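*Asks:* Just the structure for this:
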Amino acid sequence: MLAFAGTRTIHRMACNIEDAGFEIRDLLAWIYSTGFPKSVNIGRAVAKQLEGQENAGAWEGWGSALKPAFEPITLARKPFGGTLTNNVINFGTGALNIGACRVPDNQATEAFESRPRKQMPYETMAEGRWPANLLHDGSAEVVELFPNKGGSAARFFYCPKSSKADRDWGLQKNVVSAEEMVNRKAGSAGIKNPRAGAGRTSGAMNFHPTVKPIAL
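*Replies:* Residues are numbered from 1 along each chain as shown. From the prediction side, this is the model:
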(Lines give C-alpha, C1' and ligand atoms only; values in the text may rest on other atoms or scores of the structure.)
Protein backbone atom coordinates (compact mmCIF):
# COMPACT_ATOMS: atom_id res chain seq x y z
CA MET A 1 0.00 0.00 0.00
CA LEU A 2 1.27 3.46 -0.96
CA ALA A 3 -0.83 6.25 0.54
CA PHE A 4 -0.16 9.91 -0.26
CA ALA A 5 -1.06 12.53 2.34
CA GLY A 6 -0.59 16.19 3.14
CA THR A 7 2.19 17.34 5.45
CA ARG A 8 -0.36 18.50 8.03
CA THR A 9 -2.35 15.27 7.98
CA ILE A 10 0.28 12.56 7.53
CA HIS A 11 0.08 11.63 11.21
CA ARG A 12 -3.66 10.95 10.91
CA MET A 13 -3.13 8.97 7.74
CA ALA A 14 -0.44 6.83 9.37
CA CYS A 15 -2.57 6.17 12.47
CA ASN A 16 -5.58 5.21 10.36
CA ILE A 17 -3.46 2.84 8.27
CA GLU A 18 -2.24 1.13 11.43
CA ASP A 19 -5.74 1.08 12.94
CA ALA A 20 -6.98 -0.65 9.76
CA GLY A 21 -4.51 -3.46 10.46
CA PHE A 22 -1.61 -2.64 8.15
CA GLU A 23 2.08 -2.60 9.07
CA ILE A 24 3.93 0.62 8.22
CA ARG A 25 7.18 -0.24 6.47
CA ASP A 26 8.59 3.15 5.46
CA LEU A 27 7.85 6.78 4.65
CA LEU A 28 8.75 8.07 1.20
CA ALA A 29 9.10 11.72 0.14
CA TRP A 30 8.01 13.00 -3.29
CA ILE A 31 9.78 16.34 -3.83
CA TYR A 32 8.64 18.92 -6.38
CA SER A 33 8.92 22.65 -7.06
CA THR A 34 5.46 23.46 -8.38
CA GLY A 35 3.73 23.86 -5.03
CA PHE A 36 1.88 27.12 -4.39
CA PRO A 37 1.75 28.56 -0.83
CA LYS A 38 -1.77 29.02 0.52
CA SER A 39 -0.77 31.70 2.98
CA VAL A 40 -2.62 34.60 4.59
CA ASN A 41 -0.94 38.00 4.11
CA ILE A 42 -0.85 38.99 7.78
CA GLY A 43 0.28 42.57 7.12
CA ARG A 44 -2.62 43.18 4.75
CA ALA A 45 -5.11 41.44 7.05
CA VAL A 46 -4.02 43.48 10.08
CA ALA A 47 -4.12 46.73 8.13
CA LYS A 48 -7.63 45.95 6.89
CA GLN A 49 -8.93 45.10 10.35
CA LEU A 50 -7.36 48.12 12.09
CA GLU A 51 -8.43 50.48 9.28
CA GLY A 52 -5.78 53.06 10.09
CA GLN A 53 -6.23 52.97 13.88
CA GLU A 54 -2.55 52.20 14.32
CA ASN A 55 0.51 51.29 12.27
CA ALA A 56 0.26 47.73 10.90
CA GLY A 57 3.56 47.95 9.03
CA ALA A 58 5.32 45.85 11.65
CA TRP A 59 3.47 42.82 10.27
CA GLU A 60 4.44 43.40 6.66
CA GLY A 61 6.05 40.26 5.21
CA TRP A 62 4.40 37.90 7.69
CA GLY A 63 2.28 34.95 6.55
CA SER A 64 0.62 31.77 7.75
CA ALA A 65 2.14 28.94 5.68
CA LEU A 66 5.27 27.68 3.96
CA LYS A 67 5.50 26.79 0.28
CA PRO A 68 4.68 23.07 -0.17
CA ALA A 69 7.56 21.19 -1.79
CA PHE A 70 7.06 17.55 -0.87
CA GLU A 71 4.38 14.95 -0.22
CA PRO A 72 4.85 12.14 2.28
CA ILE A 73 3.93 8.64 1.13
CA THR A 74 3.22 5.92 3.66
CA LEU A 75 4.41 2.47 2.57
CA ALA A 76 2.52 -0.31 4.35
CA ARG A 77 1.62 -3.98 3.93
CA LYS A 78 -0.90 -6.43 5.26
CA PRO A 79 0.49 -8.33 8.25
CA PHE A 80 1.09 -12.07 7.97
CA GLY A 81 1.89 -14.94 10.28
CA GLY A 82 5.29 -16.58 10.26
CA THR A 83 8.36 -15.36 8.40
CA LEU A 84 8.62 -13.17 5.32
CA THR A 85 10.39 -15.98 3.47
CA ASN A 86 7.55 -18.42 4.12
CA ASN A 87 4.96 -15.84 3.08
CA VAL A 88 6.75 -15.27 -0.23
CA ILE A 89 6.99 -19.03 -0.84
CA ASN A 90 3.36 -19.73 0.09
CA PHE A 91 1.59 -16.68 -1.32
CA GLY A 92 4.06 -14.92 -3.61
CA THR A 93 3.79 -11.56 -1.86
CA GLY A 94 5.16 -9.49 1.02
CA ALA A 95 8.58 -8.47 -0.33
CA LEU A 96 9.77 -5.46 -2.35
CA ASN A 97 11.02 -6.00 -5.92
CA ILE A 98 14.31 -4.14 -5.40
CA GLY A 99 15.82 -5.47 -8.63
CA ALA A 100 13.09 -3.91 -10.77
CA CYS A 101 13.52 -0.53 -9.08
CA ARG A 102 17.30 -0.19 -9.16
CA VAL A 103 18.62 3.10 -10.52
CA PRO A 104 21.14 2.75 -13.38
CA ASP A 105 24.58 4.14 -12.56
CA ASN A 106 27.09 3.85 -15.41
CA GLN A 107 29.91 5.35 -13.35
CA ALA A 108 29.49 2.79 -10.59
CA THR A 109 29.26 -0.04 -13.14
CA GLU A 110 32.49 1.02 -14.85
CA ALA A 111 34.24 1.33 -11.50
CA PHE A 112 33.00 -2.10 -10.48
CA GLU A 113 34.23 -3.74 -13.67
CA SER A 114 37.65 -2.06 -13.63
CA ARG A 115 38.65 -2.53 -9.99
CA PRO A 116 39.67 -5.67 -8.12
CA ARG A 117 36.66 -7.33 -6.51
CA LYS A 118 38.02 -6.75 -3.01
CA GLN A 119 37.90 -3.00 -3.56
CA MET A 120 34.18 -3.10 -4.40
CA PRO A 121 32.46 -4.50 -1.30
CA TYR A 122 28.97 -4.15 -2.82
CA GLU A 123 28.78 -6.30 -5.92
CA THR A 124 25.22 -5.13 -6.58
CA MET A 125 26.57 -1.70 -7.60
CA ALA A 126 27.03 -3.17 -11.08
CA GLU A 127 23.27 -3.82 -11.21
CA GLY A 128 22.37 -0.25 -10.32
CA ARG A 129 21.89 1.71 -7.12
CA TRP A 130 19.46 0.56 -4.45
CA PRO A 131 16.16 2.49 -4.70
CA ALA A 132 15.76 5.14 -2.01
CA ASN A 133 12.76 6.51 -0.14
CA LEU A 134 13.38 9.94 -1.69
CA LEU A 135 12.17 10.90 -5.18
CA HIS A 136 11.88 14.18 -7.11
CA ASP A 137 10.26 15.55 -10.28
CA GLY A 138 13.42 16.82 -11.97
CA SER A 139 12.64 20.51 -11.50
CA ALA A 140 15.69 22.77 -11.72
CA GLU A 141 15.10 24.13 -8.22
CA VAL A 142 15.11 20.61 -6.80
CA VAL A 143 18.13 19.37 -8.77
CA GLU A 144 20.19 22.31 -7.49
CA LEU A 145 19.79 20.98 -3.95
CA PHE A 146 21.85 17.90 -4.77
CA PRO A 147 25.69 17.87 -4.74
CA ASN A 148 27.30 18.13 -8.15
CA LYS A 149 30.72 16.55 -7.78
CA GLY A 150 31.46 14.21 -10.66
CA GLY A 151 27.81 14.34 -11.77
CA SER A 152 24.79 15.39 -9.77
CA ALA A 153 23.41 12.78 -7.38
CA ALA A 154 19.94 14.04 -8.37
CA ARG A 155 19.79 11.47 -11.16
CA PHE A 156 19.58 8.66 -8.62
CA PHE A 157 16.31 10.04 -7.21
CA TYR A 158 14.65 11.29 -10.40
CA CYS A 159 11.15 10.29 -11.45
CA PRO A 160 9.53 12.23 -14.34
CA LYS A 161 6.33 14.20 -13.88
CA SER A 162 3.08 12.58 -14.88
CA SER A 163 2.35 12.56 -18.61
CA LYS A 164 -1.10 12.92 -20.14
CA ALA A 165 -1.15 9.15 -20.55
CA ASP A 166 -0.44 8.80 -16.82
CA ARG A 167 -3.20 11.24 -15.92
CA ASP A 168 -5.85 9.62 -18.11
CA TRP A 169 -4.88 5.97 -17.59
CA GLY A 170 -7.96 3.84 -16.92
CA LEU A 171 -10.38 6.65 -17.76
CA GLN A 172 -10.76 6.04 -21.48
CA LYS A 173 -14.53 5.75 -21.10
CA ASN A 174 -14.71 9.22 -19.56
CA VAL A 175 -13.71 11.24 -22.62
CA VAL A 176 -15.11 14.77 -22.37
CA SER A 177 -17.28 15.59 -25.36
CA ALA A 178 -16.94 18.86 -27.26
CA GLU A 179 -20.52 19.75 -26.28
CA GLU A 180 -19.77 19.27 -22.59
CA MET A 181 -16.64 21.41 -22.85
CA VAL A 182 -18.69 24.23 -24.42
CA ASN A 183 -21.34 24.04 -21.70
CA ARG A 184 -18.86 24.17 -18.83
CA LYS A 185 -18.45 27.43 -17.00
CA ALA A 186 -15.14 29.28 -17.23
CA GLY A 187 -12.96 28.45 -14.24
CA SER A 188 -14.38 24.96 -13.76
CA ALA A 189 -12.11 21.92 -13.77
CA GLY A 190 -10.51 21.53 -17.16
CA ILE A 191 -11.06 25.11 -18.35
CA LYS A 192 -8.10 27.34 -17.45
CA ASN A 193 -8.42 26.39 -13.81
CA PRO A 194 -5.04 26.93 -12.06
CA ARG A 195 -6.03 24.46 -9.33
CA ALA A 196 -6.47 21.71 -11.90
CA GLY A 197 -2.73 21.41 -12.48
CA ALA A 198 -1.57 19.76 -15.70
CA GLY A 199 -5.10 18.51 -16.29
CA ARG A 200 -6.51 21.95 -16.99
CA THR A 201 -6.09 21.53 -20.76
CA SER A 202 -9.30 20.93 -22.64
CA GLY A 203 -10.24 17.31 -23.21
CA ALA A 204 -8.31 15.91 -20.23
CA MET A 205 -10.13 13.15 -18.37
CA ASN A 206 -8.47 13.40 -14.97
CA PHE A 207 -8.69 16.88 -13.43
CA HIS A 208 -7.23 16.02 -10.03
CA PRO A 209 -4.55 18.63 -9.14
CA THR A 210 -1.97 16.15 -7.79
CA VAL A 211 -1.89 13.20 -10.20
CA LYS A 212 1.32 11.22 -9.71
CA PRO A 213 3.34 9.45 -12.41
CA ILE A 214 2.80 5.70 -12.59
CA ALA A 215 6.58 5.19 -12.43
CA LEU A 216 6.60 6.75 -8.96
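*Asks:* what helix or strand does the most centrally placed residue in the chain sit in?
*Replies:* Nearest to the mean C-alpha position of the chain, by C-alpha atoms, centre = their mean, lies residue 30 at 2.9 Å. Assigned by DSSP states H and E, residue 30 belongs to strand 23-31.
*Asks:* just checking, what packs against that strand?
*Replies:* Judged by 3 or more C-beta pairs under 8 Å, 6 or more residues apart in numbering; DSSP states H and E, the packing partners of strand 23-31 are helix 10-19, strand 70-77, strand 134-136. Any C-beta I mention is one placed from the backbone N, CA and C, and that applies to glycine too.
*Asks:* contacts for it?
*Replies:* Applying C-beta atoms under 8 Å, 6 or more residues apart in numbering, the contact partners of strand 23-31 are 2, 4, 10, 14, 17-18, 69-79, 133-137, 142, 159, 212, 216.
*Asks:* Buried residues, the very next helix or strand once past that strand. List them.
*Replies:* Counting by DSSP H and E, the next helix or strand C-terminal to strand 23-31 is helix 42-50. Going by neighbour count (16 or more other C-beta atoms under 10 Å), the buried part of helix 42-50 is 43, 46-47.
*Asks:* Can you give the distance of helix 42-50 from its chain's centre?
*Replies:* Its chain's C-alpha centre and that of helix 42-50 lie 35 Å apart, by C-alpha atoms, centre = their mean, to the nearest Å.
*Asks:* neighbouring contacts of that helix?
*Replies:* Outside helix 42-50, the residues that reach it (C-beta under 8 Å, 6+ apart) are 56-57, 59-64.
*Asks:* Lowest-confidence one in these?
*Replies:* Least confident of the contacts of helix 42-50 in the model: residue 56, at 72.
*Asks:* Contact partners for that residue?
*Replies:* 43, 46-47, 50.
*Asks:* what does the model give the closest residue to residue 10 other than its chain neighbours for pLDDT?
*Replies:* Leaving aside its sequence neighbours, residue 10 sits nearest to residue 72 (C-beta to C-beta, 6 or more residues apart in numbering; 4.5 Å). Looking at residue 72, its pLDDT is 94.
*Asks:* Also residue 111?
*Replies:* pLDDT, residue 111: 46.
*Asks:* ok, back up a step: quick one: which of the buried residues of helix 42-50 is nearest residue 146?
*Replies:* Proximity of the buried residues of helix 42-50 to residue 146 (C-beta to C-beta) peaks at residue 43, which lies at 35.0 Å.
*Asks:* Where does pLDDT dip in the chain?
*Replies:* 52, 106-126, 148-151, 174-204, 209 (pLDDT under 70).
*Asks:* Distance-wise, check the residue of the chain positioned farthest from its centre relative to residue 47.
*Replies:* Within the chain, the residue lying farthest from the chain centre (C-alpha atoms, centre = their mean) is residue 53, at 45.9 Å. Residue 53 sits 10 Å away from residue 47, going by C-beta to C-beta, to the nearest Å.
*Asks:* and what of residue 142?
*Replies:* Separation of residue 142 from residue 47 (C-beta to C-beta) stands at 35 Å.
*Asks:* can you check residue 17 too?
*Replies:* 44 Å.
*Asks:* Over to residue 31?
*Replies:* 35 Å.
*Asks:* Count residues in the vicinity of residue 72, would you?
*Replies:* 18 (other C-beta atoms under 10 Å).
*Asks:* same question, residue 40
*Replies:* 11.
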